[in-house]
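A.B. asks: the sequence and its predicted three-dimensional model are supplied below.
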Amino acid sequence: MKYLISRRITQITVMALYVAANVWGLKILEGNLSSSVLLGTVPLSDPYAVLQMCVAGSVITTDVLIGAVIIALFYGVVGGRMFCSWVCPINMVTDAANWLRRKLGISHVQKRVYMSRNLRLWILAMSLVLSFAMGLTAFELVSPISMLHRGLVFGMGFGFSAILIIFFFDLFVHENGWCGYVCPLGGFYSLVGKFSLIRVKHNVDNCTECMKCKVVCPEKEVLHMVAKHSATVTMGACTNCARCIEVCDDDALNFSIRNFIDKK
């Protein structure tokens, strides 16, 4: 459970620092998940939000642009789609829903509602079109990620309803529905992190084909090589959450550095 505990500590710490900055003026991490300042000096900006601002015709200040480049480089070169499983507070909501879903056996008795993984990319494209047409950051206006962040800092209000909708959507409608199929921010980071270095590697020699990894993986298609051949996950959709590593009793899955020569 070390990776799960590490992810929860990271997520809670990030949100706690934002709350501390607002409530007690602790200037370690100020702002929000769209635009922050680290230690009063280093700008950090959500590149997806900045992209929406650009197409909306907003004037982008230098610090915001630098912040977006810093974040994009980190996830693009190192972390991949780690934001979704290590930082985003919605991940705790969807993880809870999917854990309860498995405990109740809903996945086994409920007919699956078909959704395409490409839906999040279509929503991503639509958000940019709407941002251009409206002159506003379209997704930021309705983002449950921003709602949850603001709710934790200033009080939930309507944001609590949005969180409940996502929870019950993942619980009763579709497993990992929000993060895996709908959220355009997840789709954005899957594109940004497509060639990142930190990857999950599968060793087929150790694999006993128990398939526990595919049961818990929120992006099951990234583990297409399991029980077939040794390979490194290359799909940008992988969130590097390490769920698969934690449930593997055979030491067949571990983190590694991407091998660009391995095309499997």
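C.D. replies: Received it, and whenever you're ready, just let me know what you need. What you see is a predicted model, and the numbers here were worked out from it, not measured in a lab.

A.B. asks: and Val129, how many neighbours?
C.D. replies: 11 (other C-beta atoms under 10 Å). Every C-beta, even on glycine, is put in place using the N, C-alpha and C of the backbone.

A.B. asks: output the contacting helices and strands for the host helix or strand of it.
C.D. replies: For Val129, the host element (DSSP states H and E) is helix 119-134. Helix 119-134 sits against helix 47-55, helix 138-142, helix 184-192, with contacts defined as 3 or more C-beta pairs under 8 Å, 6 or more residues apart in numbering; DSSP states H and E.

A.B. asks: next SSE after the last one?
C.D. replies: Next along the chain after helix 184-192, taking DSSP H and E as the criterion, comes strand 198-202.

A.B. asks: and that next one, average pLDDT?
C.D. replies: The average pLDDT for strand 198-202 rounds to 95.

A.B. asks: what of stretch 142-153?
C.D. replies: Here the average pLDDT along stretch 142-153 is 81.

A.B. asks: and the contacts of that stretch?
C.D. replies: Residues outside stretch 142-153 that contact it (C-beta atoms under 8 Å, 6 or more residues apart in numbering): 15, 18-19, 22-23, 32-34, 88-90, 93, 140, 157-160, 162-163, 165-166, 178, 183, 185.

A.B. asks: how far off centre is the helix holding Val129?
C.D. replies: 18 Å (C-alpha atoms, centre = their mean, to the nearest Å).

A.B. asks: would you check how far apart Ser161 and Leu148 are?
C.D. replies: As for Ser161, its distance to Leu148 is 11 Å (criterion: C-beta to C-beta, to the nearest Å).

A.B. asks: and for Arg258?
C.D. replies: Separation of Arg258 from Leu148 (C-beta to C-beta): 32 Å.
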